[in-house]
Structures are given as structure tokens and as C-alpha cells.
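1. task: produce atomic coordinates for the following.
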Amino acid sequence: MVKKIWKVTSKIEDRAELLAQEIGVTPLVAQLLLNRGINDAKEAATFLRPDIKQLNDPFLLKDMERAVKRIERAINENEYVLLYGDYDVDGITSISLMVRVLARLFSGRLLYYIPKRLEEGYGLHRSSLEKVIAKGVTLVITVDCGISAFEAAEYLKAQGVDLIITDHHEPQDLLPDAFAIINPKLNDSVYPFSQLAGVGVAFKLLQGLAEILPEIKGVLFNNLDLVAFGTVADIVPLLGENRVLVKYGLQQINSTKNIGLQALIQTAGLKGREINSGHIGFILAPRINAAGRMGNPSIGVKLFINNNIGQALELARELDKENQNRQEIENAVLLEAQEQIKSQPELLNEHALVLASEGWHLGVIGIVASRLVELYNKPVILIGMEGDEGRGSGRSISGFNLFEAIEKNSHHLIRFGGHEFAAGLSISKDKLAEFKEGFLTLAKNTLRQEDLQPVLKIEGIIDLNHINMDMVQQLMQLAPCGPSNPTPILGCRSLNLVDIKSVGDNGKHLKVRVSNQKVTYEGIGFNLGSVYEEVACAREVDLAFSVEENNWNGISSVQLNLKDVRVAVESIKQVS
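-> Next up is the predicted model:
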């Protein structure tokens with residue numbers, strides 16, 4: 001793993017002291033708000049107390065009125081409607097939300113379809129559309145996909161079938177010829193928040209529909225648990241409208257009436273615990289994703305729309321098994337990718353990695369790409385080859401727009417799509433070398449050497465004595481945390497290392513006990529086992545960590561979630 005540069009933000013400013021008095025928080029919380037660009041009391045109050053009234057008017061989205069009137073007509077004229085989604089968690093929760101809200105209005109005339117990742121790949125497929133048209137479908141609504149569905153839109157129009165696209169992925173200059181396109185990222189969009197997840201866009205469509213069909217409003221807002229689940233899983237910024245949706249959705253998740261969610265939480269061993277965004281991102285969502293990655297993504301939809309606890313538990317257990325299988329295959333592909341790098345060390349001199357191999361499981365290459373980004377801190381594209389064609393998945397780092405980089409080399413590709421930090425592509429085998437050369441050249445011309453050095457932003461150096469449950473409660477005001485509102489990372493210097501050990505499979509994780517003579521705390525560092533040998537013999541260490549409440553057997557305690565550990569003699573760079 002590439003060694004991180006620690007950068008510590010400046011000490012608490014006078015402005016933080018004043019803001020703390022104005023809004024009734026500690027100076028530390030006020031400084032954290034300033035660090036996030038929140039500079040005045042009104043803005044801070046809005047951030048700390050997200051309110052459902054802060055949701056934007058759905059009709060500010062282009063084509064919203066046209067779309068909701070078309071859906072209303074489909075209901076009134078007893079049309080058959082197809083919901084077409086994506087196979088990731090965002091797409092699965094989007095479909096589930098639409099079904100739970102609309103099913104009763106269509107009385108058996110609402111169908112849904114999610115393509116299989118391994119057999120069909122991303123997007124709308126004519127063969128699937130042909131089958132549903134034969135069943136009498138006259139309206140197709142996409143969720144979390146469709147913004148690049150040019151051929152499918154042309155085919156549907158020729159068949160007299162209307163297409164409503166709801167998507168959040170980056171649009172190209174040309175758009176599909178659809179009846180309506182709802183996407184907050186359209187070039188001419190006036191919508192005030194562009195960072196909605198796919199499930200967020202689906203929610204806005206339903207919110208707009210509820211304006212003319214008020215009977216669905218209660219049902220819609222009772223399913224915010226699904227909106228929060230998909231939003232967190234899709235790693236979109238947890239600011240603005242996303243923050244509101246996730247806050248209210250998390251409240252629902254913790255008392256959810258959704259039988260499928262209950263079963264998922266129970267099977268994951270989280271029953272009785274306070275579910276937060278971290279639980280969704282790292283424990284619950286991977287189980288839903290496993291269905292799409294390894295086999296049939298519709299299992300996730302069946303779980304979320306199920307009203308039978310026995311069936312739901314059976315589906316949740318099936319997802320758990322799929323997730324275990326996914327983890328085993330993922331580890332095997334990761335080892336193969338690392339062997340490629342080991343056998344060709346010159347690859348590490350590049351500003352990005354483009355690796356390809358026959359037989360790589362297409363369901364896990366995106367996750368493995370993310371793991372490699374963590375290890376090497378550079379953009380990564382992994383391509384699984386099958387005969388003369390390969391399908392790839394990429395992940396990126398801050399400062400490198402992956403979608404734009406792929407788009408500039410799209411003349412080598414069959415198709416592509418995605419956004420700034422994650423993208424997918426298809427490529428012919430004979431174009432692989434040219435694409436790789438073009439992509440690596442672009443990365444070299446875009447990224448500086450210092451961009452490839454990972455930075456750990458520490459938002460304050462504190463005394464170990466100041467860490468207590470009151471601090472945890474104060475910091476929880478910043479929740480829900482995620483992209484653009486990260487969980488605060490704090491630091492302590494020159495702590496006595498009381499105990500240290502590597503834990504988990506192959507010593508993957510790190511556990512420490514530290515003291516400053518007055519208090520002692522335990523910390524757990526997930527995936528930090530690699531630093532064990534470096535610090536095991538140290539007398540004093542510097543820690544970077546987030547503070548969390550740990551509940552065990554009804555007892556609450558403070559736990560340090562370690563982000564990095566180093567020998568105390570190493571300096572920490574102070575920046576303003």
C-alpha cells in the first residue's frame with residue numbers, strides 16, 4: 001500500500017469559536033463545518049438539521065411534467081408498463097421503489113426487468129425489449145440507466161412504444177430520442193442539485209407523480225428507507241438533497257416495515273443495532289450487489305418487495321451465500337492482477353493501470369479495481385477478456401475524471417458509460433493495445449507525481465483525554481457522512497503503545513491499545529495489517545482515526561477506528 005501523506009488542517013479559528021456560539025455546538029464541530037465550506041449560522045443550521053421541507057421541486061427537472069402526465073395516462077388507459085433497471089444496488093433499489101409505489105395503480109400490468117451482468121451487460125437490450133413488447137407493453141421507464149440508449153430508443157419509437165429515461169449518469173452531447181429524459185446532469189438542466197443517485201431520480205419522478213396523484217404520496221415517503229439504501233450504496237455526495245433523503249431514510253431503516261430489509265439486517269448480524277451509512281456501504285449493500293455480480297440481480301428486487309418473512313429470510317440467506325462466493329472470486333482476481341504487476345514492475349511507473357486477462361469474472365472486476373486504487377492510488381481499469389471482446393470496469397482518484405478520459409479514447413471502444421470516479425466499457429481485443437496507450441498517455445499528461453501520493457486529511461490534533469462519549473455525540477451531528485461530508489478523522493501524537501496485534505484472515509487488520517498515562521483506548525484498523533511490522537516495536541505512535549460508539553451486550557463505549565498508524569518520530573505536515 002502506498003504510504004499516506006498526513007495533512008492536518010489548521011487549528012480552531014476565531015470564526016469557529018463565534019460560529020459555535022451562534023449555533024450551540026462545540027468549537028470542534030464548528031471548525032469541521034468550516035472545513036466543509038459551511039460558513040454562516042443559517043447554512044450550518046440547515047446542514048445540521050436536514051428537513052424534508054428542503055427537498056427541491058421535482059418539476060424543476062426537465063421533462064418532469066411530460067413524464068408524469070404520460071404515466072398518469074398509462075394508469076388511466078390500463079396500459080402495460082415496463083420498468084427497466086440496472087443490476088447494481090442503485091438500480092435494484094430504484095426498481096423496488098417504483099414497484100412498491102406504483103404496483104397497486106397498475107393492477108398486475110406493471111412489469112420489471114434487470115439485465116444479467118454476465119450474460120447481457122449494462123443498458124437496454126433489444127432482445128429483452130422485444131419480449132415485453134410482445135406482451136403488450138406500450139411504455140418503458142428506465143431507472144439508473146438509459147442516457148446512452150440510442151439504439152434502444154430508436155427501436156422503441158419504431159414500435160410505437162414510448163420511452164421515459166430516468167438516469168443520473170453523465171450524458172453525451174447527443175441524447176437518445178426518448179419521450180422524456182429526466183436527468184439532473186443534462187447540459188441545459190436548471191435543477192439546483194445535480195448529484196442525485198439513480199434511486200434519487202426515480203424518487204423525484206414519483207414525487208412529481210404524487211403532485212397529480214396525491215394518494216401515492218404516503219406510500220412514497222414510507223419507502224425512503226430504499227432511497228437512502230441506494231443513495232449510500234452508490235457513493236454520491238451526501239450533501240444537499242441527498243443528505244435529506246439519507247437522514248430520513250436511515251430513520252426509517254432503523255424501524256423499517258420493509259420485510260426484506262428486516263431479513264437482510266437480521267442475516268447480516270445487525271439486528272438490534274443502530275444502522276448507519278457505514279453499515280449500508282460495507283455490510284448490507286455488498287450482499288445486494290452480490291446478486292447482480294454473481295448471477296440474478298432480480299433476487300434483490302424480490303427481497304425488497306417481499307411481504308413474507310419466511311421467503312424474505314430465505315432470499316437474504318441466498319444473498320449471503322452469493323456474497324461469500326463473490327468475496328472468494330474477488331480475492332482470486334485481485335491476486336492475479338497483483339501477479340501481473342509483480343511480473344511487470346514497469347507498470348508501476350505509469351500514472352494509471354490498465355490490466356486485462358482471460359477469464360476474469362466480470363462481476364467482480366469493478367470491486368478489484370477499487371482495491372487496486374486503494375493500494376496504488378492511481379486510476380485503474382480492469383478488463384475481462386472473452387474471446388475477441390472484453391468488458392472492463394474502472395475506478396479513479398481525485399483529480400482524474402475517468403468518464404472524460406475514457407470518452408476521449410472512445411474511438412477505440414465498442415461502448416462505454418459512467419461518471420467521474422467509476423465507469424464501464426466494452427472493447428475489441430485488437431483495439432486493446434491502442435486504448436491502453438491512449439489512456440495511459442492521457443493519465444500521464446493529466447496527473448502530477450504528487451497526485452499519485454495519497455493524502456490523509458486529519459481535521460484536528462486532539463488530546464486523548466478529550467475523547468469521550470460526549471464528543472462522539474457531538475460529532476454524530478455531522479451524520480450521515482459520506483462523499484463530500486467525510487467522517488471526521490482526528491489525530492493524536494506520541495501515545496504509548498500498550499499492545500498491538502494483527503487480526504483477521506492473514507493478519508489483514510490491526511488492533512492496538514494506546515495510552516497517555518491517564519486514559520487508555522483500543523483501536524481497530526481494518527485493512528491496516530500491513531503496517532504491523534513497521535510499528536510493532538515502537539514505544540510511541542501517532543494515530544489517525546475516527547471516533548465511534550461501540551455497542552456490545554447493551555454497553556456503549558468509545559472505539560477508535562484507525563485510518564493510519566506510524567512511529568511517533570515521523571513528522572506530520574501542518575497546512576493551512
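2. so where is the stretch 351-500 of the chain shaky, pLDDT-wise?
-> The stretch 351-500 of the chain contains no residues with pLDDT under 70.
3. distance from the chain centre to stretch 223-238, please.
-> Mean C-alpha position of stretch 223-238 versus that of the full chain (Cα atoms, centre = their mean, to the nearest Å) differs by 8 Å.
4. and for stretch 477-487?
-> Relative to its parent chain, stretch 477-487 has a centroid offset of 13 Å by Cα atoms, centre = their mean.
5. in the sheet, who's paired with Leu490?
-> Phe545 (DSSP bridges).
6. that one contacts Ser546, correct?
-> Yes - in this structure Leu490 lies within contact range of Ser546 using Cβ atoms under 8 Å: 7.1 Å. Every residue, glycine included, has its C-beta placed from N, CA and C.
7. of these two, who's got more company?
-> Leu490 (23 against 19; other Cβ atoms under 10 Å).
8. quick one: contacts for the more buried one?
-> Applying Cβ atoms under 8 Å, 6 or more residues apart in numbering to Leu490 gives the contacts 458-462, 544-547.
9. buried set for the helix or strand where Leu543 lies?
-> Using DSSP states H and E, Leu543 falls within strand 540-552. Buried residues in strand 540-552, counted by 16 or more other Cβ atoms under 10 Å: 541-548.
10. cool, and stretch 424-444?
-> For stretch 424-444, the neighbour count (16+ other Cβ under 10 Å) marks 424-427, 431-432, 435-436, 438-440, 442-443 as buried.
11. helices along the stretch 1-150 of the chain, start to end?
-> Assigned by DSSP state H, counting those that start in this stretch, the stretch 1-150 of the chain shows helices spanning 14-23, 27-35, 41-48, 64-76, 89-106, 126-134, 150-158.
12. quick one, which of these is packed in tightest?
-> helix 89-106 (a mean of 25; mean count of other Cβ atoms under 10 Å).
13. how about low-confidence regions in the stretch 101-250 of the chain?
-> 118, 121.
14. what pLDDT does the spatially closest residue to Ala41 that is not a sequence neighbour get?
-> Leaving aside its sequence neighbours, Ala41 sits nearest to Glu22 (Cβ to Cβ, 6 or more residues apart in numbering; 4.2 Å). Glu22 carries a pLDDT value of 93.
15. how near is Glu22 to Glu314?
-> Relative to Glu314, Glu22 is positioned 53 Å away (Cβ to Cβ, to the nearest Å).
16. keeping just the C-alphas, turn stretch 465-473 into PDB.
-> Presented in PDB, the C-alpha positions along stretch 465-473 are these (Å, rounded to 0.1, in the frame of the first residue of the first chain):
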ATOM      1  CA  ASN A 465      -8.200  12.800  27.400                       C
ATOM      2  CA  HIS A 466     -10.800  14.800  25.400                       C
ATOM      3  CA  ILE A 467     -12.200  11.700  23.700                       C
ATOM      4  CA  ASN A 468     -15.400  10.600  25.400                       C
ATOM      5  CA  MET A 469     -19.000   9.700  24.600                       C
ATOM      6  CA  ASP A 470     -20.000  13.400  24.700                       C
ATOM      7  CA  MET A 471     -17.500  14.000  21.800                       C
ATOM      8  CA  VAL A 472     -19.000  11.100  19.900                       C
ATOM      9  CA  GLN A 473     -22.500  12.500  20.300                       C
END
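17. pull the residues that contact it.
-> 26, 28, 516, 518-519, 521, 547-549, 556-558, 560.
18. could you do stretch 385-398 as well?
-> Residues contacting stretch 385-398 (Cβ under 8 Å, 6+ apart): 121, 356-360, 362, 365-366, 369-370, 372-373, 377-384, 402, 406, 414, 418, 420-430, 432, 451-452.
19. mind running it again at 6 Å?
-> Residues outside stretch 385-398 that contact it (Cβ atoms under 6 Å, 6 or more residues apart in numbering): 356, 358, 362, 365-366, 369-370, 373, 377, 379-381, 383-384, 402, 421-429.
20. what count of nearby residues applies to the closest residue in space to Tyr87 that isn't next to it in sequence?
-> Leaving aside its sequence neighbours, Tyr87 sits nearest to Gly292 (Cβ to Cβ, 6+ apart; 3.5 Å). Counted with other Cβ under 10 Å, residues neighbouring Gly292 total 26.
21. contacts for the host helix or strand of Gly292, please.
-> Here Gly292 sits within helix 285-294, counting by DSSP H and E. Contact with helix 285-294 is made by 87-89, 92, 117, 233, 297, 299-300, 319, 322-323, 325-326, 363-364, as judged by Cβ under 6 Å, 6+ apart.
22. so Cys481 touches Thr487, yeah?
-> Yes - with contact defined as Cβ atoms under 6 Å, Cys481 reaches Thr487; the gap is 4.3 Å.
23. so the residue nearest in space to the middle of the chain, which of the three states?
-> The centre of the chain sits closest to Ile235, judged by Cα atoms, centre = their mean, with a distance of 2.3 Å. Reduced to three states with DSSP: H, G, I helix; E, B strand; the rest coil, the structure at Ile235 is coil.
24. quick check: phi and psi at the nearest residue to it once chain neighbours are set aside.
-> Counting by Cβ to Cβ, 6+ apart, Pro483 is the residue found nearest to Ile235 once chain neighbours are left out, at 5.7 Å. When read as degrees, to the nearest 10, the backbone of Pro483 gives phi -50, psi 140.
25. now the one 10 residues further on
-> Per-residue torsions, Arg493: phi -110, psi 150 (degrees, to the nearest 10).
26. which one is it nearest to, not counting chain neighbours?
-> That would be Asp542: by Cβ to Cβ, 6+ apart, it lies 5.1 Å from Arg493.
27. which residues sit against the strand holding Leu543?
-> So strand 540-552 is in contact with 456, 458, 467, 472, 487, 489, 491-495, 497, 523, 535, 556-566, 568, going by Cβ under 6 Å, 6+ apart.
28. likewise for stretch 138-147?
-> Stretch 138-147 has contacts (Cβ under 6 Å, 6+ apart) with 74, 79, 81-86, 90-91, 94-95, 123, 161-167, 169, 171, 183, 198, 202.
29. what about that stretch, how long is it end to end?
-> 20 Å (Cα to Cα, to the nearest Å).
30. stretch 344-360 now?
-> Span of stretch 344-360 from end to end, Cα to Cα: 19 Å.
31. got CSV for the contacts of Leu490, with distance to Arg391 too?
-> Listed next are the contacts of Leu490 as CSV, based on distance: Cβ to Cβ, whole Å:
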residue, distance to Arg391
Ile458, 39
Glu459, 40
Gly460, 44
Ile461, 46
Ile462, 47
Ala544, 37
Phe545, 39
Ser546, 36
Val547, 42
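32. gap between stretch 500-509 and the chain center?
-> Once both centres are worked out by Cα atoms, centre = their mean, stretch 500-509 turns out to sit 27 Å from its chain's centre.
33. returning to that earlier point: for the contacts of Leu490, which one is nearest Lys62?
-> Glu459 (38.2 Å; Cβ to Cβ).
34. domains of this structure?
-> Following automatic domain parsing, the chain resolves into domains at 55-320, 344-452, 455-574.
35. what's the most buried one of these?
-> Highest mean neighbour count among the domains of the chain (mean count of other Cβ under 10 Å): domain 55-320, with a mean of 20.
36. which helix of this protein spans the most residues?
-> Ranked by residue count, the top helix of the chain under DSSP state H comes out as helix 309-343.
37. strand partners (parallel or antiparallel) of the helix or strand just after it?
-> Where DSSP H and E defines the elements, the next helix or strand beyond helix 309-343 is strand 353-358. Here strand 353-358 is paired, per DSSP bridges, with strand 380-386 (parallel).
38. I'd like the next helix or strand past the partner strand.
-> Taking DSSP H and E, what comes next after strand 380-386 is strand 389-395.
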